[in-house]
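S.K.: Quick one, what's the 3D model for this:
(one chain, ligands or ions: 2)
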Amino acid sequence: MNKKIAIIGGGNLGSAIAEGLLKNKFCDPADITITKRRIESLKKLSEKGVAIISDNAEAVQQSEIIILAVKPYQVSDVLHSFQTKLTQKHLLVSVATGVLISELQEIIKKNIPVFRAMPNTAISIEQSMTCLSYTNANESQAATIEKIFSSLGRVVIIDEKLMEAATILGSCGTAYAMRFIRASIQGGIEIGFDVATASLIVEQTVKGAAELLMQKGSHPEQEIDKVTTPKGCTIAGLNEMEHQGFSSSLIKGIAVSYKKIEKT
Ligand SMILES: NC(=O)C1=CN([C@@H]2O[C@H](COP(=O)(O)OP(=O)(O)OC[C@H]3O[C@@H](n4cnc5c(N)ncnc54)[C@H](O)[C@@H]3O)[C@@H](O)[C@H]2O)C=CC1
Ligand SMILES: O=C(O)[C@@H]1CCC=N1
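M.R.: Ligands and ions are numbered 1, 2, ... in the order given. Okay, the predicted model is just below:
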């Protein structure tokens, strides 16, 4: 790609995006700039050829695609710090949670394409689920941003009204899945495995289960039917999990996360 990318905010997600872009060789490492107030912690990215600076305005001036990856409460100050440098050459992509496109436009006061992207941390290994919404972008500009995130996993374009729901299901979802995996490993140790073997078995089993759904397009319950022998151990365990509130606790947790995001 002949466009330079500036990632403003080299924290968990900003660094993960840079890692993913490096891994898939989407662009030359020198075409990526990542900013942070204290740049020392970005040494690993710098060693791989990414430009590391603390001056956001300079990063914006040198790039065409601006990925804003700071905390929601930092968005306004950070955008103001480079607002005057934004021109028609720029595409602005915010990954900040809960900050509306209209709020971003209100701050930048420029009629440039504005995108909201909601990826997850698996973007560092090109396995993100990224939900995208945008305004003011023509077909080619939208295709450019979609291409970047498609190279880092899967992309779905959604109505901005669903962006908070997307944050919960797709981005927080990584943490929910990790808890399922951790609990399964703990169970595995209780029934006899060492931690390394339990981890391998659980990780590959979860990956295989997700792949079954994605490759076959089947419903989880259809796949469960194939595992549950009548009077067998799977259904006995599953029913006990449900008696203990397994599905209910997940659904309630997702709903509470959603309520929290709506309030902030
Ligand atoms: N961590 C995740 O899994 C996800 C995070 N998000 C959203 O992405 C955004 C970033 O999240 P995280 O990376 O987790 O937070 P973080 O706190 O790890 O990263 C934010 C980074 O911005 C830097 N920063 C602050 N002020 C700055 C400035 N003036 N100039 C340059 N850099 C500055 C901070 O030093 C920090 O490294 C948040 O809005 C979050 O809600 C969205 C989806 C997933
Ligand atoms: O917990 C948070 O607020 C952010 C949003 C998605 C992932 N982390």
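S.K.: wouldn't Ile64 be in contact with Lys4 here?
M.R.: That one is not Ile; residue 64 is Glu. Yes. Glu64 lies in contact with Lys4 (CB atoms under 8 Å); the separation is 5.7 Å. For the C-beta atoms, the positions are set from N, CA and C on the backbone; glycine is no exception.
S.K.: Point me to the residue of the stretch 101-250 of the chain nearest ligand 2.
M.R.: Ser171 (3.7 Å; CB to the nearest ligand atom).
S.K.: How about the contacts made by that residue?
M.R.: By CB atoms under 8 Å, 6 or more residues apart in numbering, the contact set of Ser171 is Thr97, Met118, Pro119, Asn120.
S.K.: and if we set it to 10 Å?
M.R.: Shown in contact with Ser171 (CB atoms under 10 Å, 6 or more residues apart in numbering): Leu13, Val95, Thr97, Met118, Pro119, Asn120, Thr121, Ala122, Ser128, Met129, Thr130, Cys131.
S.K.: list residues touching both of Glu64 and Lys4?
M.R.: Residues touching both Glu64 and Lys4 (CB under 10 Å, 6+ apart): Asp31.
S.K.: Could you count how many residues lie near the residue lying closest to Ser41 once chain neighbours are set aside?
M.R.: Leaving aside its sequence neighbours, Ser41 sits nearest to Gly10 (CB to CB, 6 or more residues apart in numbering; 7.6 Å). Neighbourhood size, Gly10 [other CB atoms under 10 Å]: 27.
S.K.: Under a three-state scheme, what state does Gly10 occupy?
M.R.: coil (DSSP: H, G, I helix; E, B strand; the rest coil).
S.K.: For it, which residues are in contact?
M.R.: 16-18, 33-39, 41-42, 45, 50, 52-54, 69-70.
S.K.: Ok, Glu242 next?
M.R.: Going by CB under 10 Å, 6+ apart, Glu242 touches Ser248.
S.K.: How about the residues of the stretch 1-150 of the chain by ligand 2?
M.R.: Within reach of ligand 2 by CB under 6 Å from any ligand atom, the stretch 1-150 of the chain has these residues: Thr97.
S.K.: Residue of the stretch 1-150 of the chain closest to ligand 2, please.
M.R.: Going by CB to the nearest ligand atom, ligand 2 is nearest to Thr97 of the stretch 1-150 of the chain, at 4.2 Å.
S.K.: Assign that residue to helix, strand or coil.
M.R.: Three-state call for Thr97 (three-state DSSP): coil.
S.K.: show me the contacts for the residue nearest the centre of the chain.
M.R.: Nearest to the geometric centre of the chain sits Asn120, at 1.7 Å (CA atoms, centre = their mean). By CB under 10 Å, 6+ apart, Asn120 lies in contact with 13, 16, 127-131, 153, 167, 169-175, 177.
S.K.: rewinding a little: how close does the residue of the stretch 1-150 of the chain closest to ligand 2 get to Lys259?
M.R.: Distance, Thr97 to Lys259, using CB to CB, to the nearest Å: 14 Å.
S.K.: now swap in Ala196 and tell me
M.R.: Distance of Ala196 to Lys259, computed by CB to CB: 38 Å.
S.K.: Repeat that for Gln83.
M.R.: Between Gln83 and Lys259 the distance is 33 Å, computed by CB to CB.
S.K.: Next: Ile112.
M.R.: Going from Ile112 to Lys259 by CB to CB gives 33 Å.
S.K.: Mind checking which of those two has more residues around it?
M.R.: Using other CB under 10 Å, the more surrounded residue of Ile112 and Lys259 is Ile112, with 17 against 10.
S.K.: Can you tell me the SS state at the more buried one?
M.R.: Of the three states, Ile112 takes coil according to three-state DSSP.
S.K.: Now it. Nearest residue, chain neighbours left out?
M.R.: Setting aside the residues directly before and after it, Ile112 is nearest to His90 in space (CB to CB, 6+ apart), at 5.3 Å.
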